[in-house]
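> Dropping a prediction and its sequence here:
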Amino acid sequence: MEVLLKQIIGELQELRTGQKGMESDIKELKIGQDILMNGQKKMESDITALKVGQKTMGEDIIELKTGQKNLELGQAKLENNLIKSIETYTEKIIEHIDLKMEVLNKRTFNVETEIERLSKK
């Protein structure tokens with residue numbers, strides 16, 4: 001009986017040692033689980049920040065496209081205005097030259113007429 005009691009006590013001690021090892025393992029698992037949870041929270045926070053950044057970039061892209069469209073429209077209007085202005089100035093230059101030519105032609109005619117009159121004398 002004494003041998004049996006020693007055997008039972010030995011097995012109990014082994015069980016206690018095993019239980020202490022399991023408790024230690026459970027504590028390590030809990031620490032690891034806490035580390036993983038903190039890492040997951042950080043990752044979730046980073047994902048949220050990325051989503052906000054992506055949304056902001058999307059809004060910026062829309063703004064840039066709108067600005068580009070406005071610039072293209074402005075450029076087209078500027079080109080049209082420039083063409084119209086050049087046409088107007090060209091017409092005015094032609095009118096001015098025509099007037100000057102008309103004046104010169106009249107003077108030339110007058111000089112020629114005077115020369116003819118003088119040469120007939």
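That came through fine.
> What's the mean pLDDT across the host helix or strand of Met101?
Applying DSSP states H and E as the criterion places Met101 in helix 2-120. Mean per-residue pLDDT for helix 2-120: 94.
> Buried residues of stretch 74-82, list them for me.
For stretch 74-82, the neighbour count (16 or more other CB atoms under 10 Å) marks no residue as buried. The C-beta positions use only the backbone N, C-alpha and C, and glycine is treated the same way.
> which residues touch it?
Outside stretch 74-82, not one residue touches it by CB atoms under 8 Å, 6 or more residues apart in numbering.
> chain center to it, what's the gap?
In terms of CA atoms, centre = their mean, to the nearest Å, the centre of stretch 74-82 is found 25 Å from the chain centre.
> Spatially central residue (nearest the centroid) of this structure, please.
Central residue of the chain (CA atoms, centre = their mean): Ile61, 4.5 Å from the mean position.
> for that residue, what are its contacts?
Applying CB under 8 Å, 6+ apart, no residues contact Ile61.
> ok, so what distance separates it from Gly74?
Separation of Ile61 from Gly74 (CB to CB, to the nearest Å): 20 Å.
> before we move on, what about Met1?
Met1 is 107 Å from Gly74, where distance means CB to CB.
> Compute the distance between the residue nearest to the centre of the chain and Gly67, please.
Noted for Ile61: a distance of 11 Å to Gly67, by CB to CB.
> quick one: Ile97 from Gly74, how far?
When CB to CB is the yardstick, Ile97 and Gly74 sit 34 Å from each other.
> before we move on, the earlier item: gap between the helix holding Met101 and the chain center?
On CA atoms, centre = their mean, the centre of helix 2-120 falls 0 Å from the chain's centre.
> What is the burial count for Leu15?
The local packing of Leu15 (other CB atoms under 10 Å) involves 10 other residues.
> swap that for Lys84, sorry
Here the number of neighbours of Lys84 (other CB under 10 Å) works out to 10.
> OK, contacts around Ser119?
Ser119 touches nothing, counting by CB under 8 Å, 6+ apart.
> so how far is Leu104 from it?
As defined by CB to CB, Ser119 lies at a distance of 22 Å from Leu104.
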